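[1] sequence plus predicted model, see below.
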Amino acid sequence: MILLFITLPVLILVYVHTKVGVNPLSAGEKLPSVRLTPVSGTWDGVDSIRESKAVALIFNAECPHCIMMLYRLNWLNRRYADKIRFVGISLSPADTTRNLVLDCKLTFPVYIAQDDEIRKKFRISLVPAMIFLDSNLVIRHQIAGEVSEKVVEQALRALIREKR
């Protein structure tokens with residue numbers, strides 16, 4: 001019975017999201033420019049990830065599904081750091097994000113976004129959201145929601161195989 005109370009709202013959300021939700025950025029679109037504040041260090045802008053393939057995880061620090069994806073990305077970063085740049089983009093306040101970065105011992109840079117701006121420009125209605133970018137900052141693939149490490153790894157391998 002408890003499973004029904006959890007599953008039904010999620011199914012309704014997914015249905016509504018696919019039928020009337022905001023269309024996320026599509027493969028082939030260029031990554032829009034956004035203002036980001038680094039959790040630590042400095043931000044050189046979106047151009048700092050140009051010339052390398054990248055994966056951006058957009059998350060909310062209070063979301064358990066987002067936290068699971070951060071752990072998965074952290075593990076994958078250790079494995080693929082020589083081929084792909086990983087970046088986290090938090091929609092949460094700076095203090096909450098800083099604490100999460102420390103607790104999770106993240107090995108990739110994390111930035112704080114202006115929530116409304118990034119949701120509008122990236123057309124995001126569901127987090128966690130992963131965006132896979134080629135070296136020209138063109139979106140190659142997206143994943144929304146919590147998925148297995150295997151699913152993410154398949155998308156990473158496909159991105160690595162691409163010529164750009």
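    On my side now, so go ahead. Numbering: from 1, shown residues only.
[2] so what's the nearest residue to residue 66 once chain neighbours are set aside bridging to?
    Once flanking residues are discounted, residue 66 sits nearest to residue 59: 3.6 Å by Cβ to Cβ, 6 or more residues apart in numbering. Yep, even glycine has a C-beta here, placed from its N, CA and C like the rest. Beta bridges link residue 59 to residue 90 when assigned by DSSP bridges.
[3] state the helix or strand in which the most centrally placed residue in the chain lies.
    In the chain, the C-alpha nearest the mean C-alpha coordinate belongs to residue 57, at 1.6 Å (Cα atoms, centre = their mean). Taking DSSP states H and E as the criterion, residue 57 maps to strand 54-59.
[4] mind listing residues that contact that strand?
    66-67, 69-70, 73, 84-92, 113, 118, 122, 124, 127-133, 137, 156, 159 (Cβ atoms under 8 Å, 6 or more residues apart in numbering).
[5] number of nearby residues for the residue nearest to residue 66?
    Around residue 59 there are 26 other residues, counting by other Cβ atoms under 10 Å.
[6] ditto for residue 123
    There are 16 residues near residue 123, going by other Cβ under 10 Å.
[7] next one: it from residue 82, what distance?
    As judged by Cβ to Cβ, to the nearest Å, residue 123 and residue 82 stand 31 Å apart.
[8] all good on my end, thank you.
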